[in-house]
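# next one to model:
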Amino acid sequence: MEILKNIIGIIHTLAASVSIIAGAYVLLKIKGDIKHKKWGKCYFYAMLLNNLSALLIFRSFGYWFFPHSLAVVALAFLIPGYFVLRIKNFRAGIFVHIFCFVISYYLLIGGAVNEAFLRIPSLQKHDVGSPVNGMTHFAAMLYFIILLIFYLVKYRKFKLNS
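Reported below is the predicted structural model:
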């Protein structure tokens with residue numbers, strides 16, 4: 001059983017790492033070209049694996065760890081954000097895609113912040129309820145809200161499949 005937990009943990013860590021890299025590329029590079037689409041698919045499948053494996057990690061702390069429940073929320077944004085692009089003549093598709101991607105990436109980064117506070121010895125004293133942890137999450141949330149507004153405004157006149 002311990003080997004299975006370790007394998008799931010390794011898969012989860014690798015998938016999360018790939019998701020962070022692929023998501024950053026999608027977020028920061030040119031939108032709509034072939035590289036964007038390839039990195040976007042890589043992000044989608046890595047996030048799918050990352051979130052599904054998160055749902056299998058339930059005994060690391062001897063109890064169900066609440067942040068892993070957010071994997072369900074991330075999947076709820078990830079899946080429609082990917083498949084909405086397959087719907088032809090859906091004018092709001094680009095907005096749904098942008099919104100879902102940014103929110104799913106924010107949840108990924110939020111999970112990375114949680115992991116940093118759990119695993120890095122100098123941060124462990126700032127547990128979940130501490131002001132430092134809260135300010136870090138607030139800064140990430142603020143960054144992603146600004147980013148979301150930026151992309152929604154930037155692509156407001158873009159018509160998908162019209």
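
# measure F77 to F66 for me?
18 Å (C-beta to C-beta, to the nearest Å). To be clear about C-beta, it is placed using only N, CA and C from the backbone, and glycine gets the same treatment.

# no wait, F44
For F44, the distance to F66 - C-beta to C-beta - is 25 Å.

# looking only at neighbour counts, state which of the two leads.
F44 (21 against 9; other C-beta atoms under 10 Å).

# spatially nearest residue to the more buried one (excluding sequence neighbours)?
The spatially closest residue to F44, leaving aside those adjacent along the chain, is Y82, at 4.7 Å (C-beta to C-beta, 6 or more residues apart in numbering).

# element containing the one you found?
Per DSSP states H and E: Y82 is located in helix 70-83.

# give me the buried positions along whatever helix or strand comes next after that helix.
Next in sequence after helix 70-83, counting helices and strands by DSSP H and E, comes helix 93-119. For helix 93-119, the neighbour count (16 or more other C-beta atoms under 10 Å) marks 93-111, 113-114, 117 as buried.

# now the residue nearest to I11 when sequence neighbours are not counted: how far from G134?
The shortest distance from I11 to any non-neighbouring residue, by C-beta to C-beta, 6+ apart, is to S53 (5.0 Å). Distance check for S53 against G134: by C-beta to C-beta, it reads 27 Å.

# neighbour count winner among these two?
Neighbours per residue, other C-beta under 10 Å: of S53 and G134, the larger number sits with S53, 21 against 12.

# so how far is the helix or strand harbouring the more buried one from its chain's centroid?
Taking DSSP H and E as the criterion, S53 maps to helix 34-54. In terms of C-alpha atoms, centre = their mean, to the nearest Å, the centre of helix 34-54 is found 9 Å from the chain centre.

# much appreciated, bye for now.
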